[in-house]
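# Here is my input; please provide its structure:
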Amino acid sequence: MIYDIAIIGAGIAGASLAAELSAHASVLLLEMEDTPGYHTTGRSAAFWSTTYGGPNITPLTLASGAWLADRGFLKPIGELHIGRAEDRAVMDDFVSRYTGSGIVFDAADPQQVIPGVTSDWVLGLRESTCADIDVGALHGHYLGAARKNGAAVICRAALAAATHVQEGWELNTRAGTYHARTIVNAAGAWADDVAAQFGVRPIGITPYRRTMVQLRLAAPLPVSLPIIVDISGNFYFKPEGADRLWLSPHDEIASPPCDAAPEELDVAIAIARLEDVVDWKIAAVERKWAGLRSFAPDRLPLYGFDPQVADFFWFAGQGGFGIQTAPAAAKLAAALLLRHAPDVMVAQIDARRYAPSRFR
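Predicted coordinates:
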């Protein structure tokens, strides 16, 4: 069988795109691990935030929001950006970057919102629309939709070699040999490596390690506590149940593509930064993990055909915002691949800003 489209990588990027495409084309979804979403997707502390990723990502986030909410994948929690007095200029610049975007910020006093916060945290901006994302349910929804539409989802199918043949591509994988007319590179941290296997010039996608820690606190958290984000980008933390906290030092450490693991130093830094903000007593460090967030050189995602290899499509470089933008990104990429008019959800988004040709 010759598939119309083969997608490399079954994380949230590949799964969402497979679901969109499979109603219109025959789709093969290849995953190198035993289960889809083992790496970045399965390790996300995802929340839907209108400002996450920057102003050029906001249109994708806003376009995805209603779709996610209508299907029950979002749980409102709110977000509070906090800073010290010396961070005033940083906070003002942050607000100015979103002028005209439709995002509404409300001033809030951290001393009134966060119990036990130290006295020097005096600046606050609240985003009331922020929500937790049920990542597992969302990923499962897309995989289920793809399978229902007839897509073949093959795990333990690491790509060994790719050969251009008359009808498209021959793919030799650990699970067997497959043929497809068009290739989609949704390989996340491995995107540049996959491109090289197809003879496509890598773009310079760099994976960065991000550390997460789950803490059990000695006392319960207030039910109304939002996600707390340092305006200078040194930490964020979010409640996870009555007395548990997910904490990140907001680290971004360049890494080769790999099965990422947390470094003890980064865990210690995360805890030290939390202790600089609040006087909460930590009862236990229950879990720690790390994932890879992959960015193109300009930190914008890649959606589009390679300008030099016409049957090779990039769907990569989605950083830490790939889950919250998945609905819009998949619809945008599907329209480009199928050469259809874009779905109404994304009709007002200019896909050219995300085209791979910007690097050629």
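# Quick one: residues contacting the nearest residue to Met32 once chain neighbours are set aside.
Leaving aside its chain neighbours, Met32 sits nearest to Ala158 (3.8 Å; criterion: C-beta to C-beta, 6 or more residues apart in numbering). Backbone N, C-alpha and C define where each C-beta goes, glycine included. By C-beta atoms under 8 Å, 6 or more residues apart in numbering, Ala158 lies in contact with 32, 173-174.
# Return the subset of these lying in strands.
The members of the contacts of Ala158 that map onto strands under DSSP state E are Thr173.
# which among the contacts of Ala158 gets closest to Thr51?
Comparing these against Thr51 with C-beta to C-beta places Met32 closest, at 33.0 Å.
# Can you get me the start-to-end distance on stretch 255-274?
Start-to-end span of stretch 255-274 (C-alpha to C-alpha, to the nearest Å) is 25 Å.
# pLDDT (mean, whole number) over it?
If you average the pLDDT over stretch 255-274, you get 97.
# can you check stretch 324-343 too?
For stretch 324-343, mean pLDDT is 97.
# Tell me where the stretch 251-360 of the chain has strands.
253-254, 282-295, 302-305, 312-316 (DSSP state E, counting those that start in this stretch).
# Report the residue ranges of every domain in the protein.
Per the record, the chain has its domains at 2-42+135-204+298-359, 79-128+206-295, by automatic domain parsing.
# Just the terminal-to-terminal distance for the longest one.
Read that as domain 2-42+135-204+298-359. End-to-end distance for domain 2-42+135-204+298-359, by C-alpha to C-alpha: 31 Å.
# and Ser16, what pLDDT?
Confidence at Ser16, expressed as pLDDT, is 98.
# just checking, it touches Ala326?
Yes: applying C-beta atoms under 8 Å as the test, Ser16 and Ala326 come out as touching, 4.4 Å apart.
# Overlap of the contact sets of these two?
By C-beta under 8 Å, 6+ apart, the residues touching both Ser16 and Ala326 are Tyr142.
# how about the domains of the chain in a markdown table, adding distance to Ala69?
Shown next, in a markdown table, are the domains of the chain (distance: least, C-beta to C-beta, whole Å):
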| stretch | distance to Ala69 |
| --- | --- |
| domain 2-42+135-204+298-359 | 11 |
| domain 79-128+206-295 | 14 |
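# Could you single out the most deeply buried of the ones you listed?
domain 2-42+135-204+298-359 (a mean of 20; mean count of other C-beta atoms under 10 Å).
# Out of the strands of the stretch 251-360 of the chain, which gets nearest to Tyr38?
Each of these was scored for nearness to Tyr38 using C-beta to C-beta, and the closest is strand 282-295 (10.2 Å).
# Adjacent strands (with direction) for that closest one?
Using DSSP bridges, strand 282-295 pairs in its sheet with strand 206-217 (antiparallel).
# what pLDDT, on average, does the partner strand get?
On average, the pLDDT along strand 206-217 is 97.
# The following helix or strand past that strand pairs with which strands?
Where DSSP states H and E defines the elements, the next helix or strand beyond strand 206-217 is strand 227-230. Sheet pairing of strand 227-230 (DSSP bridges) gives strand 79-84 (parallel), strand 236-239 (antiparallel).
# wait, which of those strands is closest to Thr129?
Of all these, strand 79-84 sits nearest to Thr129, with 8.2 Å by C-beta to C-beta.
# How about residues contacting that closest one?
47, 49, 90-91, 94, 108, 110, 113-114, 117, 120-127, 130, 226-232, 277.
# Run the chain-centre distance for that strand.
Relative to its parent chain, strand 79-84 has a centroid offset of 22 Å by C-alpha atoms, centre = their mean, to the nearest Å.
# Report the rounded mean pLDDT for the very next helix or strand once past it.
On the C-terminal side of strand 79-84, the closest following helix or strand by DSSP H and E is helix 88-97. Averaging pLDDT along helix 88-97 gives 97.
# Likewise for stretch 153-173?
Across stretch 153-173, pLDDT averages out at 96.
# same check, this time on stretch 307-320
Mean per-residue pLDDT for stretch 307-320: 96.
# what about it, start to end distance?
Length of stretch 307-320, first residue to last, C-alpha to C-alpha: 26 Å.
# How far away from the center of its chain is it?
Remark: stretch 307-320 is offset 16 Å from the chain centroid, using C-alpha atoms, centre = their mean.
# What of stretch 208-218?
18 Å.
# now stretch 320-337
11 Å.
# go on, stretch 229-241?
Its chain's average C-alpha position is 17 Å from that of stretch 229-241, according to C-alpha atoms, centre = their mean.
# All set now, cheers.
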